[in-house]
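>>> Got a sequence here, can you model it:
(chains A, B and C)
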Amino acid sequence: MTIELLQLTKQFGKLTAVDRIDLKIGEGEVLCLLGPSGCGKTTTLRMIAGLEFASDGEIRLGDVRVNELAARERNVAMTFQFYALYPSLTVAENLAYPLHAEALSAGEIARRVDQIARILQLGPVLKRRPGQLAEGEKQRVAVGRSIIRDAVCFLFDEPLSRLDVQLRETMRGEIKAVLEGLNKPTVIVTHDQLEALTMADRIAVMRDGRIEQVASPHEIFARPANLFVAGFIGTPQMNLLPVKLVDRTTDGVRFALGEATVILPVNGATSALRPSAALTIGVRPRAFDLAAQPAPDTIAARVDIIEPMGAETLLHLLAGEHELRVVVDRRTRPAIGSTVHLRCKPNQLHLFGTDEQRLDLRTVPAGVPA
Amino acid sequence: MAVVSAQQVTGERSAGGFWAWLMAPERRGPLLVTPALLVLFVMNIFPLLWSFGLSFFNYRANRQTVPTFEGLQFYQRVLTDENVWERFQTTAIIVGSSVLVQLIVGFLLALMFARSFPLRRILLMLVLTPMMLSFVSVGVFFKLYYEPTFGLVSWALNHFMDERFVLLATPAGAIAGIVFADAWMWSPFVMLLVLAGLVSVPKYLYEAAEIDRASWWRRFSTITFPYIKSLLLLAVLFRTIETFKLFDIVYIITEGGPGSATETIAVYVYRQAFQFFRTSQSAALAYIILFVVIVLTNLYLYAVQRREQEVT
Amino acid sequence: MAAAARRGRQRELGKAGWGWTALVAVVSIIYFFPVLWIILTAFKTRTDALAIPPKLFFTPTLDNFIGVFYRASISAGGAQETNFPLYFFNSIFIAGTSVLLALIVGTLAAYAFSRHPLRGNDTYLFIILTTRMMPPIVVIIPIFLMFRLSGLAGSYWGIILLYTAFNIPFSVWLVKSFFDELNPEIEDAARMDGATERQVFFGMCLPQILAGLAATFVFGLILTWNEFLFALLLTGVDTRTVPVAMARTLGGEVGVDYGLLAAIVTLFLIPIFFVTFLLQNQLLRGVTFGTVKR
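Numbers count the residues shown, from 1 in each chain, chains lettered A, B, ... in the order given. Got it, this is the predicted structure:
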């Protein structure tokens, strides 16, 4: 079974919430729809579920076009952001709820409830009502209710957003383990990138109703397709610096950053890099080394704010008018107001063109002329 | 002149002092509550105590004799009066059947209006209008509708009956006529109450039920009904208390007849007080009614609290 | 197109289309029919009003409406004005003033009950509610005596004060529930920023519950507008309200003039109908005594 979205579009009056997206979720694959609020990810999920109807395009479950089917006819399972537990029913009754549509015997229902309760450790609370449960238990009941029956796919709407940080970590692992056993296409909507990075097989980053990039968590982190994804994924946020190409050297390419220039280790032979082209260069806060001396390939910056983060320290620096975030080891302790020299680590540079799209570059191997 | 102005000054100063005393934070609560309690005391509680006093004395509003203390005699007389018990039974029958009808009709109306559809606002107004009519007009026009010769209802029913239809001639018919008019007038109120309950059900629960492929009945019994059941209880109690006071419609449609078949307790008290001028006896009876209402009110508050617990 | 046709049966939850409208319209019109008949009667001649079989179609006449305001009189030379404009004014004035008064007094008390609880707060609230639940018949004799002794009988202030008392319990309970829903932290924040108590009340709390106040107002109005028993006993010739005047038209020597009565009812329905229509959404909120949290 697969989920396929073809040119899927949703309009609310004049507003286009989802704009011609294409997506295919394979058997057993977990796909995270990730994006800021209002980007259309939840609407997409609800269209797959059948709670909203597509304005245009096609939704296919397996080989079947399901656009016209009501939610109940699609046989999908979904957990809601607010869990949507039935307040008047006990946990056991909540879990059994979806099974009543399948005309099972009472014994079979009891067996399935027991099985799910065992997997999700809900045994002690089976007799309670949702109002008497802790947040984490509610969340597990919601998950249990969606996996108890043999649905064609699983949909999660912000499954962990209401849990506190600690609970979120354990639940992330649990959900991941449960999903691995199911071998069904699964779509998780989240605005939390950590959730997406840890749980997904692939991530689809959305903005304003469009998909910006679909790739594996590693790929999304390592090779963001455009400026939006680069800025959205990764904490602290990637440094995005507007630069102009000056000339090519044997060590790489010389860029102008404000008043200063810096040589960065990228292959200047790429045709996109015409002189004086306006580009954006992306460097993650952890992709800098501190150099002892100024050099042609270092950026000078003044220390503005120091934020200790435990094992590491986050420095807010000013390079001319540009703000830079740099993460250093906690033992490095520059004084506020002092100047440091930053050298970019090779292989960890991202370049974006004027169209905000990624420019694919080969980086210069250290010490080898281009 | 000088003396006067000096007085004014001291007057102002002491007023300022009193003002400051009055406005102190610890008096803020009592101060804000006072006007409301004052009005209630003068217009409700004081008359209530007065009639409590009256119920122990032999007093007739239409005579100038000095009242004599009679103790609990009037209570004894009221409680042992078979007429009173009969009126209570009549009231119970009318209240019971009217509230039941209101509940069913109001509930069905609410189900109709719980969804959103074109022209909803205007159609809702049509259903709400009966509530805005005066008892007098409802009474007069329903009496006309029931009228054997000129009445709409009678005219319509005569097509199906051999005999002339005279609804108000039999006790059962008279009660049915009153219940019909009263329930017609107040079912919209129950509808509003139930509607408020229906719209308070979170939409995601219905969505979850849709995903879980729940049947119509299952969805109703596990989601909708639990959300409105305490509101239904509220409606029952509120309408019971209100219908208990039922006076105008009965008085106009049947005047308590035929015989005393539709004489509710409220009509009975009114007759005792203003036709027979048994002031004290009616006051004693009024107190017994008040007791019943206080019990019902307690139940009502219990329902309100239950509702609050369930919703939060 | 096929796709468009198929989309026709797509329906989002809780939404219904014109088919549902048609069904509800049929039920609503049947429900409304007794009122409709009254309105139709208002436009009928005396013969049409009591015609058998009943006439759904007839030549409308405005005679009844004219009859509300002018009475044929030989001594006055043709037509004589009736007092109905006064009665309409009385009804609007008395109901409007008393509901407004109850709202003001009730809001102050509700604010206190919600934010500055007294000792025995719940007891006070219970007593207040009980006075609302109390059958009027319980207090009617002493009130009647009281009004007669104090000279309040037949005056505006007497009946306004009485109606105010009837409306206070509702106002207090409803408005209190609206205050209870507000977040007191915002008020504390305003106090920290140096706002006076008066500013907190008028500037922060009241604006947030305006819809609730509107609901309370319209609800009180519906309950007061048609009050009959006390108006009958306690108003005089100059302060008579429409329900009482309406009842007095019943006792004519030629039986009830249904056309005239229907015209009065129709005219009397118009103001309350429009107020309710305008505040419909708020009414829905207020109707449950404020116990339904959103």
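>>> So the chain: which segments form each domain?
If you meant another chain, say so; for now it's chain A. For chain A, automatic domain parsing gives the domain ranges A:3-227, A:239-359.
>>> ah, no, chain C please
Per the record, chain C has its domains at C:17-81, C:84-252+C:265-286, by automatic domain parsing.
>>> what are the ranges of the strands in the stretch 1-150 of chain C?
C:70-73, C:78-81 (DSSP state E, counting those that start in this stretch).
>>> For chain A, find the nearest of the domains of chain C.
Smallest distance to chain A across the domains of chain C (C-beta to the nearest C-beta): 13.8 Å, for domain C:17-81. Placement of C-beta: from N, CA and C, glycine included.
>>> which outside residues touch the helix or strand containing residue B:269?
Assessed by DSSP states H and E, residue B:269 sits inside helix B:265-274. The contact list for helix B:265-274, computed with C-beta atoms under 8 Å, 6 or more residues apart in numbering or on different chains, reads B:61, B:83-84, B:87-88, B:90-91, B:244-247, B:250-251, B:256, B:263, B:278-279, B:281-282, B:285-286, B:289, C:135, C:137, C:140-141.
>>> Can I get the buried part of the residues you listed as one ChimeraX selection?
Those of the contacts of helix B:265-274 that count as buried under 16 or more other C-beta atoms under 10 Å in any protein chain shown are selected in ChimeraX with:
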select /B:61,84,87,88,90,91,244,245,246,247,250,251,256,263,278,279,281,282,285,286,289 /C:135,137,140,141
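>>> hang on, the earlier thing: next SSE after the helix holding residue B:269?
helix B:279-311.
>>> Quick one: name the residues of the stretch 201-312 of chain B near chain C.
By C-beta under 8 Å from any C-beta of the partner chain, the residues of the stretch 201-312 of chain B that approach chain C are B:203, B:206-207, B:210, B:231, B:234, B:241, B:244-245, B:247-248, B:266, B:269-270, B:273, B:279, B:282-283, B:286-287, B:289-290, B:293-294, B:296-297, B:300-301, B:304, B:307-308, B:311-312.
>>> coming back round to it: and the domains of chain A, which one's lowest on average pLDDT?
When these are ranked by mean pLDDT, domain A:239-359 comes last with a mean of 85.
>>> end to end, how far does it reach?
One end of domain A:239-359 sits 16 Å from the other (C-alpha to C-alpha, to the nearest Å).
>>> repeat for stretch A:343-359
21 Å.
>>> Write out the residues of the stretch 51-200 of chain A neighbouring chain C.
Neighbours of chain C within the stretch 51-200 of chain A, by C-beta under 8 Å from any C-beta: A:51-53, A:67-68.
>>> and the two most separated of these?
Of all pairs drawn from these, the one with the longest distance (C-beta to C-beta) is A:51 and A:68, at 14.2 Å.
>>> Name the residue in those two with the higher neighbour count.
Shown here are residue A:51 and residue A:68; by other C-beta atoms under 10 Å in any protein chain shown, residue A:51 has more neighbours (26 against 17).
>>> And the more buried one, how close does it get to residue A:78?
8 Å (C-beta to C-beta, to the nearest Å).
>>> Overlap in contacts, these two.
Common neighbours of residue A:51 and residue A:78, using C-beta under 8 Å, 6+ apart, are residue B:211.
>>> out of the domains of chain C, nearest to residue A:324?
Residue A:324 sits nearest to domain C:84-252+C:265-286 of all those, at 36.7 Å, using C-beta to C-beta.
>>> Need the three-state assignment for the residue in the stretch 101-250 of chain A that chain B sits nearest to.
Closest to chain B within the stretch 101-250 of chain A is residue A:101: 3.6 Å, counting by C-beta to the nearest C-beta. Following DSSP: H, G, I helix; E, B strand; the rest coil, residue A:101 is assigned to helix.
>>> Quick check: closest non-adjacent residue to it.
residue B:213 (3.6 Å; C-beta to C-beta, 6 or more residues apart in numbering or on different chains).
>>> For the one you found, list the residues it contacts.
Residue B:213 makes contacts with A:72, A:75, A:98, A:101, as judged by C-beta under 8 Å, 6+ apart.
>>> is it fair to say residue A:18 lies in a strand?
Yes: assessed with three-state DSSP, residue A:18 lies in a strand.
>>> hang on, the earlier thing: can you flag the buried ones in the contacts of residue B:213?
Judged by 16+ other C-beta under 10 Å, buried ones among the contacts of residue B:213: A:72, A:75, A:98.
>>> Break chain B into its domains for me.
According to automatic domain parsing, the domains of chain B span B:2-54, B:76-311.
>>> I'd like to know which of those has the weakest mean confidence.
Taking the mean pLDDT of the domains of chain B, domain B:2-54 comes last: a mean of 70.
>>> which phi and psi does residue A:182 have?
Main-chain dihedrals, residue A:182, degrees, to the nearest 10: phi -90, psi -40.
>>> any idea how far it is from chain C?
27 Å (C-beta to the nearest C-beta, to the nearest Å).
>>> which of the domains of chain C is buried the deepest?
domain C:84-252+C:265-286 (a mean of 19; mean count of other C-beta atoms under 10 Å in any protein chain shown).
>>> pLDDT value on residue C:108, please?
91.
>>> Contact partners for the residue nearest to residue A:127 when sequence neighbours are not counted?
Closest residue to residue A:127 apart from its sequence neighbours, by C-beta to C-beta, 6+ apart: residue A:90 at 5.5 Å. For residue A:90, the contact set (C-beta under 8 Å, 6+ apart) comprises A:126-129.
>>> Check those residues for burial and list the buried ones.
Members of those classed as buried by 16+ other C-beta under 10 Å are A:126, A:129.
>>> Farthest-apart pair in the contacts of residue A:90, please.
The distance between the two most remote of the contacts of residue A:90 (C-beta to C-beta) is 10.9 Å, for A:126 and A:129.
>>> tell me, what's touching those two both at once?
In contact with both residue A:126 and residue A:129: A:90-91, using C-beta under 8 Å, 6+ apart.
>>> which residues pair with the residue of the stretch 1-150 of chain B at minimum distance from chain A across the strands?
Chain A sits closest to residue B:116 of the stretch 1-150 of chain B, with a gap of 15.3 Å, by C-beta to the nearest C-beta. As for beta bridges, residue B:116 partners with residue C:15 under DSSP bridges.
>>> What distance do you get for it to residue C:21?
Taken as C-beta to C-beta, the span from residue B:116 to residue C:21 is 10 Å.
>>> can you check residue C:44 too?
30 Å.
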